[in-house]
Every structure is written in structure tokens, then in C-alpha cells.
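**Student:** No sequence on hand, only this structure:
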């Protein structure tokens, strides 16, 4: 019956999660990282190949090393192309997989099927999950969690029967999780926690009371005066040999030693992540954001995340960083200390409180802001792994407070059902805000009118629709709230450029570059203005600077090719840059056309014909390429 219940719960969790997140199937990509990760990433659009695999394994593009995430996006593009719904559904399937692995892990280790199901359900449909599932660029979240929960499930098997194959499987799944997102570096710490509860491996090694009890058991076993029935019962209940103080120490060391490979991998992942983010300029320097401010934000964020877990309303895609007062920080610290003291007080009677609480505290460490990455104070997606600890505390805490089965059926089951239904509705509603960029950032501004990033991204959406004045208004509001926003300056420059005011656009681009000297897009647009003004050598220097900053900037290579071919009259050097552009992105029709023209000038008409045809294949309405192809074919016939 229990096995049938397990299959039923797996089915119900799958249906429940799918229904709650079903709205993502009709959602679009958003103009916040989705372009960098997917829609404008030439490596993703080139499809699975040895070159793409090599790039995924070696690149730190966008300040991360997560090769499995890149390959996952590449496979999605091969399957679904620009249909965003397909990408979102794949993320949903990974999330469902993580939910099921969490349920299976808890059920195997606790042997409590319905509490395990409730924890998995709360985790599955909580609105804080929406950012991880509905945001295509956050594939790394659901992918790493999928492998992380699978690793936990594998560890449950290993803990019961220490086969090396099970240990290696758990370690391998952990590696896959790290190759998806480094957030899972805290998994070794979580393994030590679950060793304490529900696996109870720590109690078997370090509890002095257990040692005394086991010694007494053996003494009783040696007594010939005991009845055979009593001996049998004791033998089934306790080990035949005692765990002495010396062996307890030895077993404790073994328990820690088996985690060493996990901690080593986690340490390596941390080093790679810090290096990649520092290389990409994502880590805020101490002189810009003092450690005391980071610590205050971390303390307040711990409490704020708890608030969002219990009251998941007014969720936004971005929460601007704000300085915290000393009073707020001290209040948050006091609250956290009191809760920690409480769970330690109940450590023997309710070990799940300790495990759940430190699961929450520990798994938030990488993203709590002590090493500040980006400008956000916090993010909903950061609760993906930590929230599990809180749900474990809630569910098993409720069972502890209501030990009678009749009370549980009368109160807990109906209450859990209502809560899951309400959370599912809120999640479905939250998915609707992620329908497109306009809906998402309008919602964020409604929650916080001073959200500068929401103003910038909503402005970009309006800009694409040709609503320049409205876009400009949002960019200026962004600058009012964050005067050092180089993105806002750059976007104002774009609007001025689009309306023909290139002189003022140039000034705004320069302001953006001054704030961020590695802002490749601002440098590129500056180079275009210089090129159009006839300042060719200056423009070429800017394009070369872009390539130094971002070796994958296709348009910079293409423009260098044009400059060398048309202005410097060096066709060979021009063709070199065209080929470099195609090495980065083989799907750019303009580059194929330009290379075809250069090849035709050198007399390589067959090669030129190939590139003209490729340009037309990629862009069927490319009339210039069709005209050039006709001329090249005519030249071949004359030969």
C-alpha cells in the first residue's frame, strides 16, 4: 500500500507543479539576460558541435563557469529555436524532477511518506520558485537543483549501504550540479546535516548516552540468566558490540573523511566562480560597498527571505540594493540569534529544527551578499535551495506539536491542502507577470516606483516599440534613483541616436564608458558615430578595443572587415576579420555577404557564391545578396 501511495504522490506532485506553472508555456523571453544567454548568443544558436562544447567547457562568459547550462540552452535552441515556450517548459520539467527527487529523498530517509509529500509540494508550488522556472536565463537554477536533489537521493542509498558505486554516483551528480550553477557548493554541508537527521549517523557515533546504553546491552547479552526471548529482543534492538569512546571518535573521523572529496570540489568551484566573476567585473569592490554594509544587508536579508517564504506577495524580478541602518541590522541579528538558540535548545527532542534551520542559514551563504555580486539586495531565486530547510521545520514541527493521529487528520491535512492550493494560485498569478518584459517590469515598478532597473528595462521595451519619449522618461527616472547607472546613460544615448541627435548621443555614450570602461556596447556605438563622421582610424581603434574586452563581439569584427576592405584598401585583412566574425557567429547574413563581396573582388567567385547563398538562406529577403549572387553566377558562366 505504501508503494502505491508513493507512485500516487509522484503523479500528484507532477500534475500539481505542472498546473501551477502552466502559464510559462505562453510566456516570451524578457530583455533581462535572456538576450545574453540565449536569443543573441551566437554559440547557443550555432547548435551542438565540438566547437560549442569546447566553448561551453572553457568560457567564463557572463561571469560564470557553468558548461552544462550552456549546453542545455544550446540543445533547447536546436529543439525549439526562438519559441520561448519550449525553453520555459524544459525549465519546468527540470523543476518537476527536482521536486520528485526531494520527495524520494525525504521519504527514503524518514520513512514518513505524507510529511515528505507535503514538504515537496510546498517546495514545488511556492511563488518564490517562479523566478527560477519562468526566467529562461535562470536555467542554471533548475538544472543545478535537479542534479543536487538527485545527489541527495543517491546519498540516501549510500548511507544505508556503503557501496562505492553509490558514493561515486552521488559525487558525480554533485559535479553535474556544480557545472550547472555554483550555488550547490553548500551541498557537502547539507550532507553533514542530514547525517544528523533524518539519517541519525552522527548520533550513532558521538552520543555518549548511546555508548553507555550499548555497553549495558552487551553486558545483558552475556548474562546467561536472561530469558531467550529477552535476549532476542535486545539483540534485534542494539548492536552486538558496543561503540566505545575510541571507536566513536574513529567513526566520527570517517564520517567527515567521506565528505572530503565533496568539500574539495566545492572549494575548487568557489575559486573558479570568484575568478570568473572578478574577471567579468561582477564583484563589487570593498571601496564601493563596505563590508559592514554587506554584513548589515546579509542579516536583514536572512529575515526578509523568511518573510517572503511565509508571506509571498509583492515579488519582483529585482530588488535594488539599499543601505541598512544599524538598528535594522541589530534587530535582524537579535532575531536570528534567538531562533538559533531555540533550535539548539530542542536539539534532542526535535533534531529536524536544527537541520532545517542550519540548512536555511548555510545554503544562503554563497548568495547572501558578503561577496556582493551585482546591484541587487536579494533575489527570489536565491531561496530555491534554502527554503527546503524551512519547509522541513514547518512540517515536522507540526507533527511534533500534534502527536495524536486523529488531530493530525482533522487539522494538519486540511490546513496543508488549503496552503498548497493558495500557493499554487499565487504561483500561477506570478507566472503571468513574467509573460513579457512589459508586464514584468511594469509590475516591478508598481511594487517599487524607485526600482531603477525596472525603469531601464521597461524603457528598452518602449524603445523597441518606437515610443521614444516614454522610453526616455523611464531612463531619466532610472538616473534619478541611481545616478551612476551607466546602462541608463547608454540607453538615453540610443534614443538620441535613433532620433538623429548623434552629437548628444555621443556624449551620453561617453558618460556610460566613463562609469564602465569595459562597456562594449557603448564603445561600439561610439565607434559607429566616429565611422560615420569619417574618423576611420579612431573608429578602428574602438572596434579593436571591443574585441579585447569581448572576443565574441561579431559586429566589431564585421566593421573592422569593412574598414580594412573599403577604407584601408586591404582586402586580405578585411577577409581575415570577416572570417573571425563567422568563427564567432556563422549565422550572420551580413558577414557572409561582406565576405562574399571581398572574395569576388579577389577572383574567388566559387567561394563568393557559397557565401552569397548562405546569406540568402539565413535571410531570404536579402536583395543585395541575391543581386551579388546573380553577378557572381554570370561571371562564372563567362569563364
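**Tutor:** Received it, and whenever you're ready, just let me know what you need. Since this is a predicted model, take the numbers as computed values, not measurements.

**Student:** which ones are touching residue 358?
**Tutor:** Each residue near residue 358 by CB atoms under 8 Å, 6 or more residues apart in numbering is listed here: 193, 343, 389. Yep, even glycine has a C-beta here, placed from its N, CA and C like the rest.

**Student:** okay if I get the residues you listed as JSON lines plus distance to residue 603, pLDDT and secondary structure?
**Tutor:** Below are the contacts of residue 358 laid out as JSON lines (distance: CB to CB, whole Å; pLDDT from 0 to 100; DSSP: H, G, I helix; E, B strand; the rest coil):
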{"residue": "193", "distance to residue 603": "71", "pLDDT": "96", "secondary structure": "helix"}
{"residue": "343", "distance to residue 603": "79", "pLDDT": "96", "secondary structure": "helix"}
{"residue": "389", "distance to residue 603": "70", "pLDDT": "98", "secondary structure": "helix"}
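
**Student:** Let me have the residues you listed in TSV, extended by neighbour count and distance to residue 524.
**Tutor:** Output for the contacts of residue 358, formatted as TSV (neighbours: other CB atoms under 10 Å; distance: CB to CB, whole Å):
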residue	neighbour count	distance to residue 524
193	22	49
343	18	54
389	24	45
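
**Student:** Can you give the distance from stretch 355-368 to the centre of its chain?
**Tutor:** Distance of stretch 355-368 from the chain centroid (CA atoms, centre = their mean, to the nearest Å) equals 17 Å.

**Student:** List the buried residues in it.
**Tutor:** Neighbour-count burial for stretch 355-368 flags 355-364, 366-368 (criterion: 16 or more other CB atoms under 10 Å).

**Student:** any weak-confidence spans in this structure?
**Tutor:** 1-2, 204-246, 248, 281-288, 372-374, 639 (pLDDT under 70).

**Student:** Mind checking which of the buried residues of stretch 355-368 land in helices?
**Tutor:** Taking DSSP state H as the definition of helices, the buried residues of stretch 355-368 contribute 355, 356, 357, 358, 359, 360, 361, 362, 363.

**Student:** OK, contacts around the first one?
**Tutor:** By CB under 8 Å, 6+ apart, the contact list for residue 355 reads 193, 194, 196, 197, 198, 389, 392.

**Student:** ditto for the third one
**Tutor:** Residue 357 makes contacts with 339, 340, 343, 389, 393, as judged by CB under 8 Å, 6+ apart.

**Student:** Residue 377: which element?
**Tutor:** strand 376-378 (DSSP states H and E).

**Student:** before we move on, the earlier item: now the buried members of the contacts of residue 355.
**Tutor:** 193, 194, 196, 197, 198, 389, 392.

**Student:** what ranges do the strands span in the stretch 1-150 of the chain?
**Tutor:** Counting by DSSP state E, counting those that start in this stretch, the stretch 1-150 of the chain forms no strands at all.

**Student:** that older thread, which pair of the buried residues of stretch 355-368 spans the longest distance?
**Tutor:** Taking CB to CB, the two most distant members of these are 355 and 367; they sit 20.3 Å apart.

**Student:** Specify which member of the ones in helices among the buried residues of stretch 355-368 is nearest to residue 419.
**Tutor:** Distances from residue 419 to those, taken by CB to CB, are shortest for residue 356, at 17.1 Å.

**Student:** wouldn't that closest one be in contact with residue 395 here?
**Tutor:** No. In this structure residue 356 lies outside contact range of residue 395 using CB atoms under 8 Å: 9.2 Å.

**Student:** sorry, back to before: could the contacts of residue 357 be laid out in a markdown table, adding distance to residue 538?
**Tutor:** Below are those laid out as a markdown table (distance: CB to CB, whole Å):
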| residue | distance to residue 538 |
| --- | --- |
| 339 | 60 |
| 340 | 60 |
| 343 | 64 |
| 389 | 57 |
| 393 | 62 |
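
**Student:** In contact with the most centrally placed residue in the chain, which residues?
**Tutor:** Nearest to the mean C-alpha position of the chain, counting by CA atoms, centre = their mean, stands residue 141 at 3.5 Å. For residue 141, the contact set (CB under 8 Å, 6+ apart) comprises 132, 181, 183, 381, 384.

**Student:** Look up how far residue 54 lies from the nearest residue in space to residue 53 that is not next to it in sequence.
**Tutor:** Once flanking residues are discounted, residue 53 sits nearest to residue 71: 6.9 Å by CB to CB, 6 or more residues apart in numbering. The gap separating residue 71 from residue 54 is 11 Å, by CB to CB, to the nearest Å.

**Student:** Between these two, point out the one with more neighbours.
**Tutor:** Between residue 71 and residue 54, counted using other CB atoms under 10 Å, residue 71 has the larger neighbour count: 20 against 12.

**Student:** for the stretch 501-639 of the chain, what spans make up the helices?
**Tutor:** Ranges of helices in the stretch 501-639 of the chain, per DSSP state H, counting those that start in this stretch, are 502-515, 520-532, 536-549, 554-562, 571-584, 589-601, 605-618, 623-638.

**Student:** same question, the stretch 301-450 of the chain
**Tutor:** According to DSSP H, counting those that start in this stretch, the helices that the stretch 301-450 of the chain contains are 326-345, 351-363, 387-401, 405-407, 413-433, 437-447.

**Student:** Using TSV, please lay out those helices together with distance to residue 152.
**Tutor:** Listed next are the helices of the stretch 301-450 of the chain as TSV, based on distance: least, CB to CB, whole Å:
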stretch	distance to residue 152
helix 326-345	21
helix 351-363	11
helix 387-401	10
helix 405-407	29
helix 413-433	22
helix 437-447	32
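
**Student:** Of all those helices, which one comes closest to residue 203?
**Tutor:** Nearest of the helices of the stretch 301-450 of the chain (CB to CB): helix 351-363, 8.3 Å.

**Student:** Pop the domain breakdown of this protein in here.
**Tutor:** Each domain of the chain is listed here as a residue range: 2-201+244-432, 439-638, per automatic domain parsing.

**Student:** hmm, back to that, what does the strand holding residue 377 contact?
**Tutor:** 297, 301, 304, 305, 318, 319, 320, 321, 322, 369.

**Student:** try it again with 6 Å
**Tutor:** 297, 301, 318, 319, 321, 322 (CB atoms under 6 Å, 6 or more residues apart in numbering).

**Student:** likewise stretch 619-639?
**Tutor:** Under CB under 6 Å, 6+ apart, the answer for stretch 619-639 is 589, 593, 600, 605, 608, 609, 612, 615, 616.

**Student:** cool, and stretch 397-405?
**Tutor:** Residues outside stretch 397-405 that contact it (CB under 6 Å, 6+ apart): 350, 408, 412.

**Student:** list the contacts for residue 5?
**Tutor:** If you count contacts by CB under 6 Å, 6+ apart, residue 5 has them with residue 113.

**Student:** Can you give me the distance of it to residue 116?
**Tutor:** Residue 5 is 11 Å from residue 116, by CB to CB.

**Student:** What is the burial count for residue 591?
**Tutor:** Neighbour number of residue 591 under other CB under 10 Å is 27.

**Student:** go on, the one 10 residues further on?
**Tutor:** Applying the criterion other CB under 10 Å, we find 13 residues in the vicinity of residue 601.
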